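Undergrad: Sequence first, then the predicted structure, then my questions.
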Amino acid sequence: MGNQYELPSLDEVAEKLPEIIRPGGEIFRLAKDLGEKKEISSTQLRKIYDALSDIREKSKKGRANIDVELVKFLTKIYYAAGRKNQPVPLKLHSFFEYYIQQILDENDQNKKVKYLEELHEITKALVAYHKFFENQSKKGKKEKENKTER
């Protein structure tokens, strides 16, 4: 993800989760950046979150091979990042690639499930903050339009 955001490894996430997802934290800043610049719609981001939620639920029930499901998920992210019409921003692509690669590299199945749960929580915060900033950006635009009309 480069040096723009200082994201901890999934090993560190459990102890740092409140710090990571708090207002002003790294996920907050990423969501603000994505929402204010309108780099991705809340609908697109929600679809990504829903796909991750499906993988999480299947893995909890033992109905999915986490590695296979995450590789398929990552290929969808790659595809979406390469689209010409409303692509997934590269910073978001890098975010998922960073965390998914850690899950894939883990040999302990229990840790894989734990890491997936942590990625799910981080993504949930990202979706929530993004929606907030997307709406704030829309409000600001409407206020400017109203002032211009007067």
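TA: Perfect, thanks for sending it. As the structure is a computational prediction, the values presented were derived from the model and not from experiment.
Undergrad: pLDDT of stretch 97-115, averaged?
TA: Across stretch 97-115, pLDDT averages out at 93.
Undergrad: got the end-to-end distance for it?
TA: End-to-end distance for stretch 97-115, by CA to CA, to the nearest Å: 14 Å.
Undergrad: got the buried residues for it?
TA: If you call a residue buried by 16 or more other CB atoms under 10 Å, then stretch 97-115 has these buried ones: 97-100, 102-103, 106, 112-115. Just so you know, the C-beta spots here come from the backbone N, C-alpha and C atoms, and that holds for glycine as well.
Undergrad: need the residues you listed in TSV with distance to Ala31 and secondary structure, can you?
TA: What follows is the buried residues of stretch 97-115, written out as TSV (distance: CB to CB, whole Å; DSSP: H, G, I helix; E, B strand; the rest coil):
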residue	distance to Ala31	secondary structure
Glu97	18	helix
Tyr98	16	helix
Tyr99	15	helix
Ile100	19	helix
Gln102	21	helix
Ile103	21	helix
Glu106	26	coil
Lys112	26	helix
Val113	25	helix
Lys114	23	helix
Tyr115	21	helix
